[in-house]
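Asker: Fold the following.
(chains A and B)
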Amino acid sequence: AAGVIQSPRHLIKEKRETATLKCYPIPRHDTVYWYQQGPGQDPQFLISFYEKMQSDKGSIPDRFSAQQFSDYHSELNMSSLELGDSALYFCASSLASAGGTDTQYFGPGTRLTVL
Amino acid sequence: GENVEQHPSTLSVQEGDSAVIKCTYSDSASNYFPWYKQELGKRPQLIIDIRSNVGEKKDQRIAVTLNKTAKHFSLHITETQPEDSAVYFCAASDTGNQFYFGTGTSLTVIP
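Answerer: Just a heads-up that it's a prediction; the model follows:
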């Protein structure tokens, strides 16, 4: 079965550079979530989109922005990168339903290293 | 917002024994509680979930219980095996727009 796809899998950037992470949800899934996970920490929710509209916002820095496109893929744009942005970035997708919260499936993650 | 606490942070058990991980949450509106297993450097994998309309759910060696009144839910793994060793995260959600994770439990199953 198709899973969540993230690209790139690894990314190395210098301080103050920009980075764009991409997420392709499971086909027919309409909700995308972005998480940041530091070493030894739990995933921290950044932002989510439902039907191409931002649905919730967590601890996402102002230097980061994200959007969901018409084909439901999402991109996380990170500017003025700092050393502390080095982390594993996960995207997850789910299919919203009238019945309530749906299971989210995680992508393999993008490991961002800021030098 | 929601606050999810998870205990213990580390847990070691002998192979074949049971393991129990507990989580509490603060927002009574939360109605969906998934559990994830994360191996080193890999993505969180959903292993079991429970919704607020049931008190217990079981899938082979894994079970989850939910006490809505006390706002806590627990993961039970029976007959543990070395391949169960991983970090386990609980999470809670009300709307599905945001999931709140516990801080994780590092489980080690000693052969």
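Asker: where's A:I60 relative to B:G104, distance?
Answerer: To B:G104, A:I60 is 21 Å away according to Cβ to Cβ, to the nearest Å. All C-beta atoms are positioned from the backbone trio N, CA, C, and that covers glycine.
Asker: out of the two, which sits in the more crowded spot?
Answerer: B:G104 (23 against 17; other Cβ atoms under 10 Å in any protein chain shown).
Asker: how close does that one sit to chain A?
Answerer: 5 Å (Cβ to the nearest Cβ, to the nearest Å).
Asker: Report pLDDT for that residue.
Answerer: B:G104 carries a pLDDT score of 95 in this model.
Asker: Contact partners for it?
Answerer: By Cβ atoms under 8 Å, 6 or more residues apart in numbering or on different chains, the residues touching B:G104 are A:41-42, B:6, B:9, B:38, B:87-89.
Asker: Scan the residues you listed and report the most crowded one.
Answerer: That'd be B:F89 among the contacts of B:G104, by other Cβ under 10 Å, with 25 neighbours.
Asker: what's across from that residue in the sheet?
Answerer: Assessed by DSSP bridges, B:F89 has beta-bridge partners B:Y36.
Asker: so who does residue 82 touch?
Answerer: No chain in the question, so chain A it is. Contacts of A:E82 by Cβ under 8 Å, 6+ apart are A:15, A:63, A:114.
Asker: The chain in question should be chain B.
Answerer: B:15, B:109-111.
Asker: can you put the residues you listed in JSON lines and add pLDDT, secondary structure and neighbour count?
Answerer: Formatted as JSON lines, these follow (pLDDT from 0 to 100; DSSP: H, G, I helix; E, B strand; the rest coil; neighbours: other Cβ atoms under 10 Å in any protein chain shown):
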{"residue": "B:E15", "pLDDT": "97", "secondary structure": "coil", "neighbour count": "13"}
{"residue": "B:V109", "pLDDT": "97", "secondary structure": "strand", "neighbour count": "20"}
{"residue": "B:I110", "pLDDT": "96", "secondary structure": "strand", "neighbour count": "11"}
{"residue": "B:P111", "pLDDT": "94", "secondary structure": "coil", "neighbour count": "8"}
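Asker: Which pair of those residues spans the longest distance?
Answerer: B:V109 and B:P111 (7.4 Å; Cβ to Cβ).
Asker: what does chain B have sitting close to chain A?
Answerer: B:31-32, B:34, B:36, B:42-46, B:49, B:51, B:89, B:93-104 (Cβ under 8 Å from any Cβ of the partner chain).
Asker: Identify the residue spatially nearest to the residue nearest the centre of chain A, adjacent ones excluded.
Answerer: In chain A, the residue lying closest to the centroid (Cα atoms, centre = their mean) is A:W34, at 2.9 Å. Nearest residue to A:W34, sequence neighbours excluded (Cβ to Cβ, 6 or more residues apart in numbering or on different chains): A:L46, at 4.2 Å.
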